[in-house]
Structures are given as C-alpha cells and as structure tokens.
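1. Here is my input, please return the structure:
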Amino acid sequence: ALIDAGEALRERGVSDRRRMATVVSEVGGVIRAELPTNSELFRLGDDKFAVLLLDQSRADGLKFAEALVQRARRVLSLEGAPLSIAIGVAASPENGTVSEDILVAAETALQAARASDGVPVAAFDGTLGSVAPEAQRAAVRLRTMRATVQALAKAVDARDSATRDHSANVSELASGLAQVLGLPGETVQLLELAGLVHDVGKIGISDDILLKAGRLSDEERAAIERHCELGVQILTPARLYDVLPAVRHHHERWDGAGYPEGLAGHDIPLEARILCVCDAFESMTAGRPYRAARSTEEALDELRACAGTQFDPVITPAFIRMIAGLRTHLDADRRVVSGGERSLDL
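-> Have a look, this model is predicted:
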C-alpha cells in the first residue's frame, strides 16, 4: 500500500515546511497504530509512506487501506477539518513479482485514488493509468533514489545541532537564487536537489574531525576536503548525474584557491558557484563548533568583501539583494502582526 499525505496539505494551501513535516509525522503515527502483524512501514520522501503487508491478499490490503483512511479522518485534522489521505494498493504476484513493478502498480492506483471524487482508496487492476510501464519504473527508481539520498543527507546534518537544517536551508536558498537569476526551471530543480545532497560525503568523515571545536591539523583539513569527492562516489550509483558537478565543485573559489581541483572563474560550474555562496551564508549565520554564529548583516558584509575572490562577483550581489528582499518582507509581516487592528484597515 502506497500512502500519500502531501496532496491534501497542498490542496489546503499548507506550504510551511515545518508545518507539513509535523502533519506528515502525525500521519506516520496513525499508520503505525493501524499496522497489522507481519507488516513493515517505510518512509518514501517527504510526504509518502509504503506499507508492506506480508502473507496477505489484495482484499486484505484494501481492508487495511480503508480502515486507515477512516482512522486518519477520526484522529487527524487540518485547519479544523478532517485530514484525508490517499492510498494505492497493489498485490504480488498479481501485479508483479519484483519491487519496482509492485511500486509502479501501487503508484498508478494512488494516482487514481487522488483523481477520484470522494474515494481515497484504489487498487491496481491492470487498466489504471496511461504512463508506459518503463517510464513508470524510471519514475519510481528516481523517487526511491532521491528519498535514499535525502535520508543520508539528513543523517549528516543530524550529527550536530548547529547543522540540523543546513542542507534544507541551502536547498531553499540555492533554488530561490536560481529563480532570482532567471535560470530555467530545470536548473532551479537541480539546485534544489543539489542543495539537499551537497554535503552527503561528510557521512564518511568521523565525528572527531567533523565536530572538532579547535583548529584542524593539515591531515584533518584534508579529510574534510575529501567530502566533495566522497559525495560524488555516493551519488554516482544512484545515477544523480546532473548534480555531480555542483556537489564536486561547491568549495571551489573564484580566484582558483579552492578545492578539490582549484578551478577558477567561469571554469567552475554555474550551479557550484551558486551553491558556494548559499552554503557559506548558511554556515556563517548558523554557526559551527569552531565558530559562533554571525548576524545576517555580518554574513552579508563578508560576502561583499569576498566577492570576486572567493565568490562569483555577479552571483554574490544577486544573493545579497535576495536576502535583503526577504528581510524587507519579514519586517513588513512583523509590522502587520504587531500593529493590531489598525494594520487591517483597508
């Protein structure tokens, strides 16, 4: 059974990442409470779950799905209304004997459940959907690989409280900057993913080095610098080829003094130059074991000072303007919130 909690959130206009994560976590708790014996629960990406029901029939799967929908409606609510989840059910061997085929069938059934009017559960019957099986398998592989890589990236960030949201924040900054720069949608999406996984290679660096508060030795610094290549080694088997240049080169410097290859200027891939600025800003404002967090203005001053040496001299001012715009919007929001009823006058 494939369970989608995100569609209902998007339909109701919930876009705040933390709010979405809280609700999806609550959905996971409801699923665990309803799980029958001899079954397993898996998290797929940010807002989807898969339940493997062993030694049970297609009818058993439908019964479980319908009971789960009813339980979710009873115990979960969003903006004062019951929360509805959609579920697609597939069975083996009827719908396939390998995991990819079963996931494709469940995904197709899930699409039908989403599209139906008031019927949030559907089972694959061999006729649903219009996407070619091979294309569906490729889509399932991509989602599964992305979920796996995101899990690794989150594991890296979770090793230190100062970096808990680092990759997600860099992802938001990088994709936002790509939009400010007028880059194509494909590049925006690439940077969103690259931001999430840019530090995944740190999974291969020991805590003694990664979390060291004091000065690093030359050997320790060399170990840290290997995380770019380690990241490429992790991402290559997952066939996330488009993000490899950004991950490999996000610590290059405009003046050629960076690593791992000492590239300079426009020889550094554009996506890596964007990540470099976003990563540096997020690191400065969040702090590290060896350095206290800086204020936003202090971090922006550092970016200005290093534009043309460490950072791309065109991308950096665009990033600074983007952050200034975000701060203006936040200040306006605060004035509305603190201004009482007068702020609501039309």
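2. Give me the contact list for stretch 227-238.
-> Contact with stretch 227-238 is made by 145, 148-149, 152, 197-205, 243-244, 247-251, 259-260, as judged by CB atoms under 8 Å, 6 or more residues apart in numbering. C-betas here are computed from N, CA, C, even on glycine.
3. let me fix that: stretch 254-273
-> Taking CB under 8 Å, 6+ apart as the rule, stretch 254-273 contacts 174, 187, 190-191, 194, 225-226, 228-229, 243, 245-246, 248-253, 276, 308-313, 315.
4. Show the buried residues in the contacts of stretch 227-238.
-> For these, a neighbour count by 16 or more other CB atoms under 10 Å gives the buried set as 149, 152, 197-205, 243, 247-251, 259.
5. Which stretches in the stretch 101-250 of the chain count as strands?
-> 121-123 (DSSP state E, counting those that start in this stretch).
6. Helix or strand for Ile3, just tell me which one.
-> In this structure, Ile3 is located in strand 2-4 according to DSSP states H and E.
7. in its sheet, what does that strand sit against?
-> strand 48-53 (antiparallel), strand 86-89 (antiparallel) (DSSP bridges).
8. Any regions of the stretch 1-150 of the chain where pLDDT drops low?
-> Across the stretch 1-150 of the chain, the ranges flagged by pLDDT under 70 are 8, 10-17, 45, 78-80, 95-100, 116-119, 125-150.
9. what residues are up against Ala223?
-> Ala223 neighbours (CB under 8 Å, 6+ apart): Ile205, Ser206, Ile209.
10. now the helix or strand in which Met284 is found, how far from the chain's geometric center?
-> Assignment of secondary structure by DSSP H and E places Met284 within helix 270-286. In terms of CA atoms, centre = their mean, to the nearest Å, the centre of helix 270-286 is found 17 Å from the chain centre.
11. Could you give me the buried positions within it?
-> Using 16+ other CB under 10 Å as the test for burial, helix 270-286 gives 270-286.
12. do the same with stretch 216-230
-> So stretch 216-230, judged by 16+ other CB under 10 Å, has buried residues Glu220, Ala223, Ile224, Arg226, His227, Cys228, Glu229, Leu230.
13. Which pLDDT value belongs to the last one?
-> As predicted, Leu230 sits at a pLDDT of 91.
14. can you count the residues close to the closest residue to Leu196 other than its chain neighbours?
-> Nearest residue to Leu196, sequence neighbours excluded (CB to CB, 6 or more residues apart in numbering): Ser171, at 4.6 Å. For Ser171, the neighbour count with other CB atoms under 10 Å is 24.
15. mind listing what Ser171 touches?
-> By CB under 8 Å, 6+ apart, the contact set of Ser171 is Leu191, Glu192, Leu193, Ala194, Gly195, Leu196.
16. Could you tell me how far the residue nearest to the second one when sequence neighbours are not counted is located from Asp46?
-> Meaning Glu192. Leaving aside its chain neighbours, Glu192 sits nearest to Ser175 (4.0 Å; criterion: CB to CB, 6+ apart). Distance check for Ser175 against Asp46: by CB to CB, to the nearest Å, it reads 15 Å.
17. So between the two, which is more surrounded?
-> The neighbour count for Ser175 versus Asp46, taken as other CB under 10 Å, is higher for Ser175 (22 against 14).
18. if I pick that one, what's in contact with it?
-> Val188, Gln189, Leu191, Glu192, Gly195.
19. Tell me the one of those residues nearest Asp301?
-> Distance to Asp301 across these (CB to CB) is lowest for Gly195, with 23.3 Å.
20. And the pLDDT for the residue nearest to that closest one when sequence neighbours are not counted?
-> Leaving aside its chain neighbours, Gly195 sits nearest to Ser171 (3.1 Å; criterion: CB to CB, 6+ apart). Ser171 is assigned 93 on the pLDDT scale.
21. cool, Asp160 as well?
-> As predicted, Asp160 sits at a pLDDT of 64.
22. partner residues bridging the closest residue to Phe49 other than its chain neighbours?
-> Spatially, and ignoring its direct neighbours in sequence, Phe49 is nearest to Ile3 (4.4 Å; CB to CB, 6+ apart). For Ile3, the beta-bridge partners are Phe49, Ile87 (DSSP bridges).
23. For the host helix or strand of Arg304, buried residues please.
-> Per DSSP H and E: Arg304 is located in helix 296-306. Under the neighbour-count criterion of 16+ other CB under 10 Å, helix 296-306 has Ala299, Leu300, Glu302, Leu303, Cys306 buried.
24. Which residues does it contact?
-> Under the contact criterion CB under 8 Å, 6+ apart, helix 296-306 has outside partners 277, 280-281, 284-285, 294, 311, 316, 319-320, 323-324, 327.
25. Go again with 6 Å.
-> Residues outside helix 296-306 that contact it (CB atoms under 6 Å, 6 or more residues apart in numbering): Phe281, Met284, Thr285, Thr316, Ile320.
26. Test my guess that Phe124 contacts Ala109.
-> Yes: Phe124 lies in contact with Ala109 (CB atoms under 6 Å); the separation is 4.2 Å.
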